[in-house]
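>>> Give me a model of this one.
(one chain, ligands or ions: 2)
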Amino acid sequence: MAAMATTPSMKAAVSAPTARSRPSLLPVSSYTSLRSLSTRQVSLFLGRPLRQPLHPKPFQPSTSRSVQIVTATAATDSKPTVLVAEKLGEAGLALLRGFSNVDCSYNLSAEELCAKISLCDALIVRSGTKVTREVFEAAKGRLRVVGRAGVGIDNVDLQAATEHGCLVVNAPTANTIAAAEHAIALLAAMARNVAQADASLKAGKWQRNKYVGVSLVGKTIGVLGFGKVGSEVARRAKGLGMHVIAHDPYAPADRARAIGVELVSFDEAISTADFLSLHMPLTPATSKIFNEESFAKMKKGVRIINVARGGVIDEDALVRALDDGIVAQAALDVFTVEPPPKDSKLVLHENVIVTPHLGASTVEAQEGVAIEIAEAVVGALKGELAATAVNAPMVPAEVVSELAPYVILAEKLGRLAVQLVAGGQGIKGLKVVYTSARGPDDLDTRLLRAMITKGVIEPISSAYVNIVNADFTAKQRGLRISEERISHDGSPEAPLESIQVQLSNVESKFASALSESGDIRVEGRVKDSIPHLTLVGSFSVDVSLEGNLIFCRNIDQPGMIGQVGSILAEKNVNVNFMSVGRTGPREQAIMAIGVDEEPDKECLKKIGEVTAVEEFVFLKL
Ligand SMILES: NC(=O)c1ccc[n+]([C@@H]2O[C@H](COP(=O)([O-])OP(=O)(O)OC[C@H]3O[C@@H](n4cnc5c(N)ncnc54)[C@H](O)[C@@H]3O)[C@@H](O)[C@H]2O)c1
Ligand SMILES: O=C(O)[C@H](O)COP(=O)(O)O
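Ligands and ions are numbered 1, 2, ... in the order given. Below is the predicted model of the structure:
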């Protein structure tokens, strides 16, 4: 749709509507259960991902085409489609089927996944599927959620997900015990040569002397990564009579103390432990953290269990350490490349026992993970805040609920402000001023900032902005956002008194929207849960932000409201709100007129022709 303004040569310019049709999001019924969140608020989370990759460039409102405004709609009764790319427990599938069309397609090649993904709103994977940048690009903006049915998200390109506005959620708790139990199973099996002895006996041999093991009781085990799995392993190892030490730079000491575990440095852990059990995530910092240098520091004859990620070990260095006897044995569930090559020296080493990434593979854990991820994905598709989101800010549900009307106000103010820009130089800065009786710690503005960003960026670009990518998108477009809080003496019951949006370094289509400092300035408040516009430039107005808006600057004189009102009435355009702000009687005035319908070109032209009207602009909210 077009935003219009007077120009020096032409009082009213009407550009042809060029509405983008944005695919509908979800059935209306899907929204109704959202803790009374509004459709607009929901669109923050569901807002379609970017359709095009972003390139760093100054943020430049388009001058060559009409400003496009699209209101997120919650129409159509089509269900979202969820692609389940790896085997998922039945209970999770049932939950998904209750809400969406479920396509279970396992063992897809990278090409097949890319070919399918543009037809899917959500994708669920385990560790066997690489969700690469190519997948997000191939999704062409449709993919809204990736659910990782498990903990490790190292197989998902999080940066690409964020850039495409796609939420990534995981299921971080349901397989913890399974992974810890598997680590203990490998610990005991390795210490007593269970796998080798089993193979030997099945091969017809009886080698009792060859398979003498080592005892666990009284030995020291170093747990590296004292998180969910690591601490459960520590608890169980204590039950086996082992002395447990742990290294984790980020673990709270009191949690370790509570289960009788001593937190030590990395070097101390690896140099004193008889057994090392690895439970850290694979990150750039932990990649190949077990290498030539660290093996050299280990106690000779150490035994290593890895149920975390293969990539934390330099596998070639481990083979050498095994050959040299520095490492007596290793028990591995995970590998740098999965499945590992058939001729892998590590897998075939006689002092190594292996399992094919079975840590999470118990019946109980898989049912739990399936439910955990299905709930997270369905919730995310409904627009609810995901407790297990790994690439979006966590905003507590109470905060969302309380801020709901302000979230709508924020987006509308952003939309209004950007439609007032005349273009040309690009917007350098976006400043948001919050007036609130609450202390800074009591007011979480992340949602509001994201929505203002959405309001400013979406009408003038092909970007789809949501809470996942709002800050990233603004940064990519060179839009600098600053926030200021002004304290207000009122009651802190309401989170905010007002929100003001200022756009700096711009010319305006409607000169009266400029403040004394030359910024476009609009301010709004929430009254009876409805967002209202209360300030334009230096003019106080009061118009509810519903439908569309016409701003007229005119000489304050009798009959103005009647004249403009009659023009609108002639064209059957219903006025839902009208407010006049003025500098003084018979001086300059602004009429802010809320209209339900969009006036046609002729109607707007007639308004522009009213003699006392000096400038006007039509804005679509
Ligand atoms: N084999 C399997 O099937 C299986 C199953 C579950 C989990 N896992 C893997 O196990 C690992 C742990 O999972 P979790 O659920 O306990 O995760 P978690 O996030 O609860 O714990 C990871 C811990 O590692 C710590 N850490 C980070 N960097 C570290 C470093 N440089 N040195 C030491 N500690 C560091 C973190 O502080 C955290 O406490 C992950 O890699 C996960 O992918 C594997
Ligand atoms: O990170 C995890 O949760 C585990 O490695 C389990 O992976 P999986 O779902 O592929 O078994």
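
>>> Any residues of the stretch 51-200 of the chain in contact with ligand 1? List them.
By Cβ under 6 Å from any ligand atom, the residues of the stretch 51-200 of the chain that approach ligand 1 are 151-152, 172, 175-176, 179. Heads up, the C-betas are built off the backbone N, CA and C, glycines and all.

>>> Surely Val229 is in a strand?
No. If the criterion is DSSP: H, G, I helix; E, B strand; the rest coil, then Val229 is helix and not within a strand.

>>> got a list of what it touches?
For Val229, the contacting residues are 151, 176, 179-180, 183, 279, 307-308, by Cβ atoms under 8 Å, 6 or more residues apart in numbering.

>>> now it: how far from Val168?
Separation of Val229 from Val168 (Cβ to Cβ, to the nearest Å): 20 Å.

>>> In CSV: the contacts of Val229, plus pLDDT and distance to Leu479.
Putting these into CSV (pLDDT from 0 to 100; distance: Cβ to Cβ, whole Å) gives the following:
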residue, pLDDT, distance to Leu479
Val151, 92, 35
Thr176, 96, 41
Ala179, 98, 43
Ala180, 98, 46
Ala183, 98, 48
His279, 97, 41
Val307, 98, 45
Ala308, 97, 40
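
>>> how about those residues, which pair is most distant?
Val151 and Ala183 (13.6 Å; Cβ to Cβ).

>>> higher neighbour count, these two?
For Val151 versus Ala183, the count of surrounding residues by other Cβ atoms under 10 Å is larger for Ala183: 28 against 24.

>>> The more buried one sits in which helix or strand?
Ala183 belongs to helix 176-191 when assigned by DSSP states H and E.

>>> near ligand 2 at all, that helix?
No. Contact of helix 176-191 with ligand 2 (Cβ under 6 Å from any ligand atom) is absent, the minimum separation being 6.6 Å.

>>> If you count neighbours, what's buried in the longest helix along the chain?
Ranked by residue count and defined by DSSP state H, the top helix of the chain is helix 397-419. Neighbour-count burial for helix 397-419 flags 399-400, 403-419 (criterion: 16 or more other Cβ atoms under 10 Å).

>>> Grab the two from the residues of the stretch 51-200 of the chain next to ligand 1 that are most spread out in space.
Largest separation among those by Cβ to Cβ: Gly152 and Thr176, giving 12.3 Å.

>>> which one of these two has more residues nearby?
Neighbour comparison, Gly152 and Thr176: the larger count goes to Thr176, with 21 against 18 (by other Cβ under 10 Å).

>>> Now do the contacts for the more buried one.
So Thr176 contacts 151, 228-229, 232 (Cβ under 8 Å, 6+ apart).

>>> Give me the distance between the two termini of stretch 480-496.
Stretch 480-496 has an end-to-end distance of 23 Å (criterion: Cα to Cα, to the nearest Å).

>>> pLDDT score for the residue in the chain that ligand 2 sits nearest to?
For the chain and ligand 2, the shortest gap (Cβ to the nearest ligand atom) falls at Gly150, measuring 2.6 Å. We have a pLDDT of 96 for Gly150.

>>> So which residues on the stretch 301-450 of the chain come close to ligand 2?
357, 359-361.

>>> Can you tell me the closest non-neighbouring residue to the closest residue to ligand 1 within the chain?
For the chain, the residue closest to ligand 1 is Gly227, as judged by Cβ to the nearest ligand atom, at 1.8 Å. Of all residues not flanking Gly227 in the chain, His279 sits nearest, at 6.4 Å (Cβ to Cβ, 6 or more residues apart in numbering).

>>> ok, now Glu507?
Ala422 is the one closest to Glu507 (Cβ to Cβ, 6+ apart), at 4.0 Å.

>>> so which helix or strand takes in Gly581?
Per DSSP H and E: strand 575-582 holds Gly581.

>>> tell me which parts of the stretch 351-500 of the chain are close to ligand 1?
So far as Cβ under 6 Å from any ligand atom goes, the stretch 351-500 of the chain lies against ligand 1 at 357, 359-360.

>>> mind listing the helices for the stretch 351-500 of the chain?
363-382, 397-419, 446-457, 470-476 (DSSP state H, counting those that start in this stretch).

>>> Switch these over to TSV; also include mean pLDDT and distance to Asp596.
Shown next, in TSV, are the helices of the stretch 351-500 of the chain (pLDDT from 0 to 100; distance: least, Cβ to Cβ, whole Å):
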stretch	mean pLDDT	distance to Asp596
helix 363-382	95	29
helix 397-419	90	16
helix 446-457	91	21
helix 470-476	84	30
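
>>> need those in JSON lines with distance to Ala331, can you?
Listed next are the helices of the stretch 351-500 of the chain as JSON lines, based on distance: least, Cβ to Cβ, whole Å:
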{"stretch": "helix 363-382", "distance to Ala331": "19"}
{"stretch": "helix 397-419", "distance to Ala331": "42"}
{"stretch": "helix 446-457", "distance to Ala331": "44"}
{"stretch": "helix 470-476", "distance to Ala331": "41"}
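
>>> who wins for proximity to Arg208 among the ones you listed?
It's helix 363-382; of the helices of the stretch 351-500 of the chain, that one is closest to Arg208 (Cβ to Cβ) at 34.6 Å.

>>> Pull out the buried residues from the closest one.
Per 16+ other Cβ under 10 Å, helix 363-382 contains these buried residues: 365-382.

>>> Ranking helices and strands of this structure by mean pLDDT, which lands last?
helix 28-31 (a mean of 23; mean pLDDT, DSSP states H and E).

>>> now Val564, nearest residue through space, not along the chain?
Ile607 (5.7 Å).

>>> Show the contacting residues for the one you found.
Ile607 makes contact with 12, 550, 552, 564, 567-568, 599, 613, 616, according to Cβ under 8 Å, 6+ apart.

>>> quick one, phi/psi of it?
phi -60, psi -40 (degrees, to the nearest 10).

>>> What separation do you get for it and Asn466?
36 Å.

>>> now swap in Ile452 and tell me
Per Cβ to Cβ, Ile452 is found 13 Å from Asn466.
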